[in-house]
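Undergrad: The sequence and its predicted three-dimensional model are supplied below.
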Amino acid sequence: MFFKQLIVFQYPKNIKIDFEELEKALTELPLKPVGSLDLESVGFIPPLGKNSNLMLHQQMECAMMSIGKQKRLLPSSVVNEILEQRLDEIKQQSGKRPGGKEKKLLKEEIIQTLLPKALIKTTKLFAYIDTKRNLFFVNSGSAKSAEGFVSLVRKALGSFPATPLQSETIGTRLTYWLKGEGTPQDVVLADFCELSEGGQGAVIKASKQELVADEIQNHLEAGKYVKQLGIVFQERLNLVITDELGIKKLGLVEKAKETGEAENPSQLMDAEMAILIAEVGALTDRLIEVFEVKRES
């Protein structure tokens, strides 16, 4: 279960997380079946699934956790189609088509009628906390989704002042790397980049081609800057870095895939967590250093 994407949060070093207390807190906010008149339900679930009832899977100074979401699938197109039919019927009966508040109330009534019949989609999202580094890693490429996870932890604990890792130099430094200037020795450019003019300007994506090619360099000379850049880190990790310090398409290079054998799901997660913690920890430490990320005291 190696994370494929990452949004990393930091929390103050004076915040001490006790895993026993955290386990108890998460247990108080479990995923409950979505109600017949609710759009969705969100809560914590055991990271080991049906093989455990624990909300945390601990290893050294880290702990894996997971949230589940049950969402009723109610396409807006279906609601709007029925709404238009009802509005036409009312107009034929009364000679006046409802609008404003009356239309809004009618739409809400339609939604409440359809919800109990709507299909339910269940999704899972994983994250782990590293109490040695005071970092929280969410396996998501969506800022909204990652913040939602942190907010649920915050709700469980009462307080969890975690904020995304940030740096104002990321886009500039990635652009220099693509120009061949100042690239760290443990970083090799891969074969993907996304360039932008900023604002509503043009966006250029290059994939599976040499990034040092004249075509790419000409775009940089014309003033475009890097939004996303594919790299290989320490010959062990493939990834794409965004100018907001998000990590996408994260994966181990072939020679780094050494999980061994596991006799049960718990041992398998232990093995995968050991690799994840070591590789992602080393990557994050280096990114914080290179991009001069300010750490909270």
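TA: In hand now; what should we look at? Residues are numbered from 1 along each chain as shown.
Undergrad: Now stretch 107-127: average pLDDT?
TA: Averaging pLDDT along stretch 107-127 gives 90.
Undergrad: what distance separates the start and the end of it?
TA: 37 Å (Cα to Cα, to the nearest Å).
Undergrad: gap between that stretch and the chain center?
TA: Remark: stretch 107-127 is offset 22 Å from the chain centroid, using Cα atoms, centre = their mean, to the nearest Å.
Undergrad: Show me what the helix or strand harbouring residue 26 is packed up against.
TA: Using DSSP states H and E, residue 26 sits in helix 19-27. If you count contacts as 3 or more Cβ pairs under 8 Å, 6 or more residues apart in numbering; DSSP states H and E, helix 19-27 packs onto strand 62-73, helix 143-157. Backbone N, C-alpha and C define where each C-beta goes, glycine included.
Undergrad: Deepest-packed of those, please.
TA: Of all the helices and strands packed on helix 19-27, strand 62-73 has the most neighbours on average by mean count of other Cβ atoms under 10 Å, namely a mean of 21.
Undergrad: Now the following helix or strand past that one: buried residues?
TA: For strand 62-73, the following helix or strand on the C-terminal side (DSSP H and E) is helix 76-94. Under the neighbour-count criterion of 16 or more other Cβ atoms under 10 Å, helix 76-94 has 79, 82-83, 86-87, 90 buried.
Undergrad: how far out from the middle of the chain is helix 76-94?
TA: 38 Å.
Undergrad: Report the buried residues of the following helix or strand past that helix.
TA: From helix 76-94 onward toward the C-terminus, using DSSP H and E, the following helix or strand is helix 100-114. By 16+ other Cβ under 10 Å, the buried positions in helix 100-114 come out as 106-107, 110-111.
Undergrad: coming back round to it: tabulate the helices and strands packed on helix 19-27 (a markdown table), appending distance to residue 283 and mean pLDDT.
TA: Output for those, formatted as a markdown table (distance: least, Cβ to Cβ, whole Å; pLDDT from 0 to 100):
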| stretch | distance to residue 283 | mean pLDDT |
| --- | --- | --- |
| strand 62-73 | 15 | 95 |
| helix 143-157 | 17 | 97 |
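Undergrad: Could you tell me the angle between the helix ranked longest in the chain and strand 62-73?
TA: The longest helix of the chain (DSSP state H) is helix 265-290. Computed by axes from the mean of the first three to the mean of the last three Cα atoms, to 10 degrees, the angle separating helix 265-290 from strand 62-73 equals 100 degrees.
Undergrad: Please identify the buried residues of helix 265-290?
TA: In helix 265-290, counting by 16+ other Cβ under 10 Å, buried: 268-269, 271-273, 275-277, 279-281, 283-284, 287-288, 290.
Undergrad: what distance separates that helix from the centre of its chain?
TA: With Cα atoms, centre = their mean, you get 16 Å for helix 265-290.
Undergrad: For the closest residue to residue 232 other than its chain neighbours, give me its contacts.
TA: Distances taken as Cβ to Cβ, 6 or more residues apart in numbering place residue 188 nearest to residue 232, at 4.5 Å, with adjacent residues excluded. Contacts here follow Cβ atoms under 8 Å, 6 or more residues apart in numbering; on that basis residue 188 touches 231-232, 235.
Undergrad: Could you identify the helix or strand that succeeds the helix holding residue 26?
TA: Next element after helix 19-27 (DSSP H and E): strand 40-45.
Undergrad: That following strand - contacts with which helices or strands?
TA: Strand 40-45 packs on strand 62-73, helix 143-157, going by 3+ Cβ pairs under 8 Å, 6+ apart.
Undergrad: Least confident of the contacts of residue 188?
TA: Among the contacts of residue 188, residue 235 has the weakest pLDDT, 93.
Undergrad: So that one is in contact with residue 279, correct?
TA: No. Look at residue 235 against residue 279 with Cβ atoms under 8 Å: they stay out of range, at 11.6 Å.
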